[in-house]
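Trainee: give me the fold of what follows.
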Amino acid sequence: MKNKNPGLALFTFIVYLFLLGPLVIIAVTSFEPGTVLKFPPTGFSLKWYQNIFDVEMFMSTFKTSILVSLLGNVLAILLGIPAAYALNRATFRGKETLNAVFLSPLLIPGIVLGFTLLKYVVIAFHIPIYAALLIGHTVIMLPFIIRVIGSSLAGFDFAVEEAALSLGSSRLATFFKVVLPNIKSGIIASVLLAFLESFNNVDISLFMTGPGVSTLPIQMLTYVENYFDPTIAAISVLLMLITAGFMFLIERLLGLTYFTKQ
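Mentor: Down below sits the predicted model:
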């Protein structure tokens, strides 16, 4: 006999409505044919989706966001994998302090971190805006890389590494042929999380952008200040679809879908 709880069902429905309701409203309003965002829409039109590709500033900032996220990911991976390995494999004085320093961008408010980077990276060292933006995004991606890969390394049996070393393999070859293949799922997951954090970041990008250099989230904020048409809703729908598709591909790649486990 099924245990039916109307109160729990109602609460669950309200939670889902709270979480998904805004997304549904954004998706529906993106098809509004008029020049002002309305809900419910007065008709159906795809012209605001076309407007995304017609407005050059959206396309240029989209390319900038993608490029910064990819390059920042590469730098964060190059720094994060050795750091995560050292923090999990080695024992040395100041280990906890160093770990706290690496994870500090997650704890410091984004506005504070963005202003600090502006003051000490752009103003003090006169670093070009694009390079400063890349540095800022690398800083905010690094904690995700270290934390996720560190979790994978925490579950790795280092006896396997010791066995490879005892059989004559060099430490570098062991790292690339034994350690990395066993934590590849953690690496992929960390890259995904870091990419999404960088691509959607506002607070750091707000301080690290300047004339001729901007990211898509900052351009969307600027557009909303001057226009009230459904273009931003259309962009939001596309970004949601891209994110969902990207996560689906990663899930399939890792073989973590529910059906493949059955």
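Trainee: can you list the weak-confidence ranges in the stretch 151-262 of the chain?
Mentor: 249-262 (pLDDT under 70).
Trainee: hmm, try it at 50
Mentor: Within the stretch 151-262 of the chain, the stretches with pLDDT under 50 are 256-262.
Trainee: could you pull out the helices for it?
Mentor: 158-166, 171-174, 180-182, 184-199, 203-208, 216-226, 231-254, 258-261 (DSSP state H, counting those that start in this stretch).
Trainee: can you put the ones you listed in CSV and add distance to Leu8?
Mentor: Backbone N, C-alpha and C define where each C-beta goes, glycine included. Shown next, in CSV, are the helices of the stretch 151-262 of the chain (distance: least, CB to CB, whole Å):
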stretch, distance to Leu8
helix 158-166, 45
helix 171-174, 52
helix 180-182, 41
helix 184-199, 32
helix 203-208, 38
helix 216-226, 37
helix 231-254, 28
helix 258-261, 23
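Trainee: would you tell me which of those helices gets closest to Phe31?
Mentor: helix 231-254 (8.4 Å; CB to CB).
Trainee: ok, and what's touching that closest one?
Mentor: 23, 26-27, 29-30, 32, 37, 48-49, 51-52, 55, 58, 185, 188-189, 192, 196, 216, 220, 223-224, 257 (CB atoms under 8 Å, 6 or more residues apart in numbering).
Trainee: circling back to that earlier point, between the helices of the stretch 151-262 of the chain, which one is nearest to Phe18?
Mentor: Comparing those against Phe18 with CB to CB, the closest turns out to be helix 231-254 (16.9 Å).
Trainee: which parts of that closest one are buried?
Mentor: 231-237, 239 (16 or more other CB atoms under 10 Å).
Trainee: okay if I get those as TSV plus distance to Ile127?
Mentor: Shown next, in TSV, are these (distance: CB to CB, whole Å):
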residue	distance to Ile127
Thr231	33
Ile232	31
Ala233	36
Ala234	35
Ile235	30
Ser236	32
Val237	36
Leu239	29
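Trainee: pick the one among those closest to Ala131.
Mentor: Nearest to Ala131 among those, with distances taken as CB to CB, is Leu239, at 26.0 Å.
Trainee: re the thing from before, so for Thr116, which of the helices of the stretch 151-262 of the chain sits nearest?
Mentor: So among the helices of the stretch 151-262 of the chain, helix 203-208 is nearest, using CB to CB, at 8.8 Å.
Trainee: quick one: list the elements packing against the closest one.
Mentor: helix 110-117, helix 129-154, helix 216-226 (3 or more CB pairs under 8 Å, 6 or more residues apart in numbering; DSSP states H and E).
Trainee: if we use 10 Å, what do you get?
Mentor: Judged by 3 or more CB pairs under 10 Å, 6 or more residues apart in numbering; DSSP states H and E, helix 203-208 is in contact with helix 56-89, helix 110-117, helix 129-154, helix 184-199, helix 216-226.
Trainee: out of these, which is closest to Met208?
Mentor: Among the helices and strands packed on helix 203-208, the nearest to Met208 by CB to CB is helix 129-154 (4.3 Å).
Trainee: what angle separates the closest one from helix 56-89?
Mentor: For helix 129-154 against helix 56-89, the angle by axes from the mean of the first three to the mean of the last three CA atoms, to 10 degrees is 40 degrees.
Trainee: CA atoms of stretch 162-182 as CSV?
Mentor: Output in CSV follows, covering the C-alpha atoms of stretch 162-182 (Å, rounded to 0.1, in the frame of the first residue of the first chain):
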residue,chain,number,x,y,z
GLU,A,162,54.5,2.9,-5.2
ALA,A,163,54.2,-0.4,-7.0
ALA,A,164,55.0,1.2,-10.4
LEU,A,165,58.0,3.0,-8.9
SER,A,166,59.3,-0.2,-7.3
LEU,A,167,59.1,-1.9,-10.8
GLY,A,168,61.5,0.7,-12.2
SER,A,169,59.1,3.4,-13.6
SER,A,170,60.3,7.0,-13.2
ARG,A,171,58.2,9.3,-11.0
LEU,A,172,57.2,11.4,-13.9
ALA,A,173,56.2,8.4,-16.0
THR,A,174,54.2,7.0,-13.1
PHE,A,175,52.4,10.3,-12.6
PHE,A,176,51.3,10.5,-16.3
LYS,A,177,50.6,6.7,-16.8
VAL,A,178,49.3,5.7,-13.5
VAL,A,179,48.0,8.6,-11.4
LEU,A,180,46.4,10.8,-14.1
PRO,A,181,44.4,8.0,-15.8
ASN,A,182,42.9,7.1,-12.4
